[in-house]
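# give me a model of this one.
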Amino acid sequence: MLKLKDISTELNSVELLARVERVIVSTGSNGSNYMIVHLADATGRVEARKWVVTDQDRELIKPNSYIYFKEIIPNEFRGILQLKIGDYEIWDEEKVAQKGFQNSDFFVVAPVNIEKQYANLMELLEKVSNPTFKALTIGLIKKYEKEFLIYPAAMTIHHNVTGGLFWHSYTLVKNCLAIRENYLYAAIDWDLLICGAILHDIGKIFELVDQTATDYSLEGKLLGHISIGNAELYKMAEELNIAKDESGKINSDLTLLQHMILASHGKKEYGSPTEPNIIEAVILSTFDNLDARIFKINDELTKVEQGSWTGRILSEDGKMYLKHYKK
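Below you'll find the predicted structure:
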């Protein structure tokens, strides 16, 4: 039974077992419904289409179900691999296990050693000199440690893999540290920048319905991860009794760290409740955007052959990118 990464249009048909990530039922120009099924295993993702959709298909083919194809037909659409669905079976977890598969065989995982890098991150946090930044960041990360290490960073846009939230957040930390030597002349609070980079997406563990990220939660849809993260940060400050001083004045360092979360998307039209008003927030929002764009463009490039163009990428204003180089 082939893995998704091994499927090519050179094959006439493929035996395949995969996990359903997302399902979209759409209507064609002829007025008939068809189904777009996003399939995943540990090796990658492929989009499949079922051109005739029944009520039974709608009932059976759901996110996080395991779908088995004795024969599925590989096609190419605009240079991108696409599978045509015919007959299929839905397997339960017991049957999947009986066939020798594990749950981890069906999830794309961040290509980093999370355990080792998390230890590095905690060592870095222990060196933070600002007591408010240090206490709040360690407090939140420890409170939601399990989720922080396994959740993806999004449903589809970027780092949508197991461990993607940590991978993305720690990448921003490393990027910030990489430029430090070049900007020693600048009035940059590196403690604030590092802690802001770690916490800027902490709200995503509430925004996504669960670690499979098949949908957004009610809080995610109504509030968004930025607002949720800001609220969680303030809640932690209250738990640690550092939100306000004895006179009732709000801790200014708490406010600075909140601003890092609230301005992390850079512009209001990109979802930030406020735009960067401190230099650290400018750096964070720049790296946040860069890391997301690199991931998404590269992810689309992996779907096409060298010398071909990607499909239109919505997050890139519908632009297509040329795969001129093969790693």
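# which ones are touching Ser227?
For Ser227, the contacting residues are Gly203, Pro273, by C-beta atoms under 8 Å, 6 or more residues apart in numbering. For the C-beta atoms, the positions are set from N, CA and C on the backbone; glycine is no exception.
# so how far is Val108 from it?
From Ser227 across to Val108, the span is 28 Å (C-beta to C-beta, to the nearest Å).
# what about the helices in the protein?
Using DSSP state H, the helices of the chain run over 55-60, 93-98, 114-126, 131-143, 145-150, 164-179, 190-199, 204-207, 218-222, 225-239, 252-262, 279-301.
# how about these, which one is nearest Ile157?
helix 279-301 (6.2 Å; C-beta to C-beta).
# and for the nearest residue to Arg293 once chain neighbours are set aside, the neighbour number?
Setting aside the residues directly before and after it, Arg293 is nearest to Glu316 in space (C-beta to C-beta, 6 or more residues apart in numbering), at 7.1 Å. Number of residues near Glu316 (other C-beta atoms under 10 Å) recorded here: 14.
# extract the C-alpha set from the longest strand anywhere in the chain and format it as CSV.
Longest strand in the chain by number of residues, with DSSP state E as the criterion: strand 14-27. The C-alpha trace of strand 14-27 is given here as CSV (Å, rounded to 0.1, in the frame of the first residue of the first chain):
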residue,chain,number,x,y,z
VAL,A,14,-3.2,3.0,-6.4
GLU,A,15,-4.2,1.1,-3.2
LEU,A,16,-4.3,3.7,-0.5
LEU,A,17,-5.3,4.2,3.1
ALA,A,18,-5.4,7.8,4.3
ARG,A,19,-6.9,10.1,6.9
VAL,A,20,-9.5,12.6,5.8
GLU,A,21,-8.5,16.1,6.9
ARG,A,22,-11.2,18.3,5.3
VAL,A,23,-14.2,17.8,3.1
ILE,A,24,-15.8,20.4,0.9
VAL,A,25,-19.0,19.8,-1.1
SER,A,26,-19.2,22.2,-4.1
THR,A,27,-21.3,22.7,-7.2
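# may I see the buried residues of it?
Val14, Leu16, Leu17, Ala18, Arg19, Val20, Glu21, Arg22, Val23 (16 or more other C-beta atoms under 10 Å).
# give me the helices and strands touching that strand, please.
On a contact count with 3 or more C-beta pairs under 8 Å, 6 or more residues apart in numbering; DSSP states H and E, strand 14-27 meets strand 33-41, strand 66-77.
# for the residue lying closest to Gly271 once chain neighbours are set aside, give its distance to Cys195.
Of all residues not flanking Gly271 in the chain, His265 sits nearest, at 4.5 Å (C-beta to C-beta, 6+ apart). Noted for His265: a distance of 18 Å to Cys195, by C-beta to C-beta.
# what about the residue lying closest to Tyr144 once chain neighbours are set aside, how many residues nearby?
Of all residues not flanking Tyr144 in the chain, Ile205 sits nearest, at 5.6 Å (C-beta to C-beta, 6+ apart). By other C-beta under 10 Å, the residues close to Ile205 number 21.
# please apply the same query to Ala186.
Residues lying near Ala186 (other C-beta under 10 Å) number 10.
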